[in-house]
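*Asks:* fold the following for me, if possible:
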Amino acid sequence: MTDNLALWEKLGKTDPAHTKSFSRSGGFKGTAIKPMWSYKRMTEEFGPVGQGWGVYRPEFQVVPASEGEVLVFCTVSIWYQKPDQIAFGVGGDKAVGKNKYGLSADDEAFKKAYTDAVTNALKMIGVGADVHMGMFDDNKYVNAMKEEFGEEPKTSEPKRSAPKNDDARNLYSTLQSAMRLATTKAELRAWWQISANVEARNRLSSDWQSNLREEFIELGKSLPEGHPEKEAA
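*Replies:* Residues are numbered from 1 along each chain as shown. As a prediction, the model looks like this:
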């Protein structure tokens with residue numbers, strides 16, 4: 001017997017509370033680990049960043065793509081326990097993307113590529129291995145992890161009735177579709193502030209609310225400003 005998997009086993013289990021679902025064009029869906037959770041796990045295992053683990057200076061590469069789009073790639077190496085014990089990771093994003101309104105720059109593309117590269121390096125030593133191995137596709141496994149990491153303590157405060165399963169998905173899909181009908185930032189903000197939509201969002205789980213807010217922010221980046229005087233009061 002060897003202990004080659006000892007570190008992998010320590011870092012490989014992920015708290016579902018620190019994950020979120022995502023979807024991409026083409027119908028691909030998956031689970032992403034929140035970066036801060038990965039950093040916390042490294043700190044728990046090795047100590048503060050800069051002392052027990054760290055990231056060497058990143059290298060960026062900007063690549064022109066078709067139709068005016070621009071890609072940015074980042075390569076990093078992370079060290080742990082000692083400076084010469086390292087793992088590499090590569091990440092990427094679009095610095096300039098194209099949508100139906102034309103080209104749009106993303107001033108956080110370098111940060112996203114860097115974060116992607118660091119988390120890809122961390123998974124090489126096992127951080128969040130269960131997510132990357134597809135184990136979060138199994139509801140039984142996710143429930144087991146929820147029990148292992150512990151549920152939030154119950155309080156005596158009354159809670160809103162939250163939709164479950166198919167009802168929740170339908171509510172989320174309805175809100176998502178309605179939000180995507182906005183053609184300007186002004187329309188998008190007005191839709192977001194409508195009291196009925198606020199109430200509906202509050203019935204979703206915190207993760208789904210977070211996903212919807214992230215899409216709201218990303219969608220706003222691609223829309224023209226519009227006319228503020230048409231926004232809802």
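*Asks:* other SSEs contacting whichever helix in the chain runs longest?
*Replies:* Longest helix of the chain, by residue count under DSSP state H: helix 206-222. Counting contacts by 3 or more CB pairs under 8 Å, 6 or more residues apart in numbering; DSSP states H and E, the secondary-structure elements packed against helix 206-222 are strand 19-23, helix 165-179, helix 185-193, helix 195-202. (C-beta placed from N, C-alpha, C; glycine too.)
*Asks:* tell me which strands and helices the strand ranked longest in the chain is in contact with?
*Replies:* For the chain, the longest strand by residue count, based on DSSP state E, is strand 82-99. Contacts defined by 3+ CB pairs under 8 Å, 6+ apart place strand 82-99 against strand 70-80, strand 102-105, helix 109-123.
*Asks:* name every strand pairing with the shortest one and say which way it goes.
*Replies:* Same thing as strand 102-105. Taking DSSP bridges as the criterion, strand 102-105 sits next to strand 82-99 (antiparallel) in its sheet.
*Asks:* could you give the angle of the strand it pairs with to strand 70-80?
*Replies:* Here strand 82-99 runs at 160 degrees with respect to strand 70-80, directions being taken by axes from the mean of the first three to the mean of the last three CA atoms, to 10 degrees.
*Asks:* flag every buried residue along the lowest-mean-pLDDT helix or strand in the chain.
*Replies:* The helix or strand of the chain with the poorest confidence is helix 165-179; it has a mean of 79 (mean pLDDT, DSSP states H and E). Of the residues in helix 165-179, 171-172, 175-176, 179 count as buried by neighbour count, 16 or more other CB atoms under 10 Å.
*Asks:* stretch 38-48 too?
*Replies:* By neighbour count, with 16+ other CB under 10 Å as the criterion, the buried positions of stretch 38-48 are 38-39, 41-42, 45-46.
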